[in-house]
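# would you be able to build a 3D model of this:
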Amino acid sequence: MHLILLLPFLLFGYVSNNYISVSTHKLAYKQKKKQEKKRVSSLSIVHISDLHNKTFGWRQTRLLNKIKAIHPDIIVITGDLVDGAPHHHAAVFLQKASSICPIYFVRGNHESIAGNFPVLKQTLSKCNVHLLVNRSVDVIKDGYTYRISGLDDPIFHIKGKKYAGYIKKTLDEMLDKPKRTQKRADFQILLSHRPELFSLYSRYPFDLVLCGHAHGGQVRLPFTDGLYAPNQGILPKYTSGAHTKNNTTEIISRGLGNSSFPLRLFNFPEIVHIQITLSS
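Now for the predicted structure:
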């Protein structure tokens with residue numbers, strides 16, 4: 001009898017942690033530079049974060065089918081792909097997803113906590129994943145240059161909780177080099193695991209910032225953005241969705257897996273789809 005009464009709650013818990021939602025954001029920008037003829041470019045991005053080595057179906061079938069249905073140009077992963085060693089489910093995801101389109105990856109804090117990054121790095125290399133450790137790469141589409149900059153998680157470089165100064169210095173150095181050696185990009189994207197420094201990111205010429213880490217606040221109740229997030233505490237501000245400041249938009253993934261707290265409530269695992277349109 002007690003088991004029967006518990007079944008609806010068990011079912012709700014299972015669905016809350018295993019149903020994959022897709023959130024779509026459409027961003028349109030008018031370019032100021034003069035062109036000989038008008039051009040339009042569209043870049044489709046799938047944003048994945050915080051898988052934490054979770055599996056969605058046999059060999060990640062459900063997750064991969066959701067991504068394939070979007071037909072992305074690129075996949076970006078903003079950290080915490082793994083949760084510990086071994087990382088079999090994360091490796092299977094990379095192997096399969098890399099056949100869909102190019103993948104760009106930045107490390108999160110759990111890539112450090114897991115303690116086996118050299119092994120994961122080998123998998124990234126075998127799958128031709130672009131590992132962005134405080135560097136930028138250009139993606140050319142329809143005559144436009146999309147510059148993707150990857151901010152490595154500070155846990156790999158400094159100790160303690162005060163990391164804003166380190167990140168500011170790193171961003172200054174990252175943006176200074178392209179300024180001296182590369183042509184101007186038409187659209188600038190920053191990949192960073194941590195969303196809580198949006199005020200800092202927005203001081204730089206990034207059009208779009210993609211982050212994870214907050215897990216959607218883990219437990220979401222009506223009229224809240226989540227109850228708790230790492231490095232933000234109780235009732236955090238940056239847990240999901242789009243935020244805009246100083247002409248910069250930050251889009252935060254609620255993530256796919258869990259870590260130390262193994263349960264999501266009213267907070268489905270999420271794939272984020274961003275459709276960028278540039279026109280002259």
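# residue 170 belongs to a helix?
Yes: under DSSP: H, G, I helix; E, B strand; the rest coil, residue 170 sits within a helix.
# who are the contact partners of residue 93?
Counting by Cβ atoms under 8 Å, 6 or more residues apart in numbering, residue 93 makes contact with 51, 60, 63, 64, 81. In short, each C-beta sits where N, CA and C put it, glycine included.
# tell me which element residue 268 is part of?
Here residue 268, judged by DSSP states H and E, is contained in no helix and no strand.
# thought it was touching residue 256?
No: shown here, residue 268 and residue 256 do not form a contact pair, counting by Cβ atoms under 8 Å, at 9.6 Å.
# filter the contacts of residue 93 down to just the ones in helices.
Among the contacts of residue 93, DSSP state H puts 63, 64 in helices.
# by neighbour count, which of the contacts of residue 93 wins?
Counting neighbours by other Cβ atoms under 10 Å, the top entry in the contacts of residue 93 is residue 81, with 31 neighbours.
# what residues are up against that one?
Applying Cβ under 8 Å, 6+ apart, the residues near residue 81 are 51, 52, 53, 87, 90, 93, 94, 105, 108, 110, 111, 120.
# ok, the third one - contacts?
Residue 53 is in contact with 81, 82, 83, 84, 87, 88, 89, 90, 257, counting by Cβ under 8 Å, 6+ apart.
# and the last one, helix, strand or coil?
Secondary structure state of residue 257, per three-state DSSP, is coil.
# same question for the one 3 residues further on.
Using three-state DSSP, the secondary structure recorded for residue 260 is coil.
# ramachandran coordinates for it?
Dihedral pair for residue 260: phi -70, psi -30, per degrees, to the nearest 10.
# can you give me the neighbour number for it?
Residue 260: 10 neighbours (other Cβ under 10 Å).
# if we can go back for a sec, most neighbours among the contacts of residue 53, which one?
Among the contacts of residue 53, residue 81 has the most neighbours (other Cβ under 10 Å), with 31 neighbours.
# residues in contact with the closest residue to residue 269 other than its chain neighbours?
Leaving aside its sequence neighbours, residue 269 sits nearest to residue 256 (Cβ to Cβ, 6 or more residues apart in numbering; 4.3 Å). With contact taken as Cβ under 8 Å, 6+ apart, residue 256 is in contact with 20, 48, 49, 50, 51, 52, 54, 56, 63, 269, 270, 271.
# and for residue 255?
With contact set as Cβ under 8 Å, 6+ apart, residue 255 has these partners: 49, 50, 51, 52, 80, 212, 213, 214, 215, 216, 269, 270.
# now with 10 Å, please.
48-52, 54, 78-80, 108, 212-216, 218, 239-240, 264, 267, 269-270, 272 (Cβ atoms under 10 Å, 6 or more residues apart in numbering).
# likewise for residue 277?
Counting by Cβ under 10 Å, 6+ apart, residue 277 touches 26, 27, 28, 29, 30, 40, 41, 42, 43.
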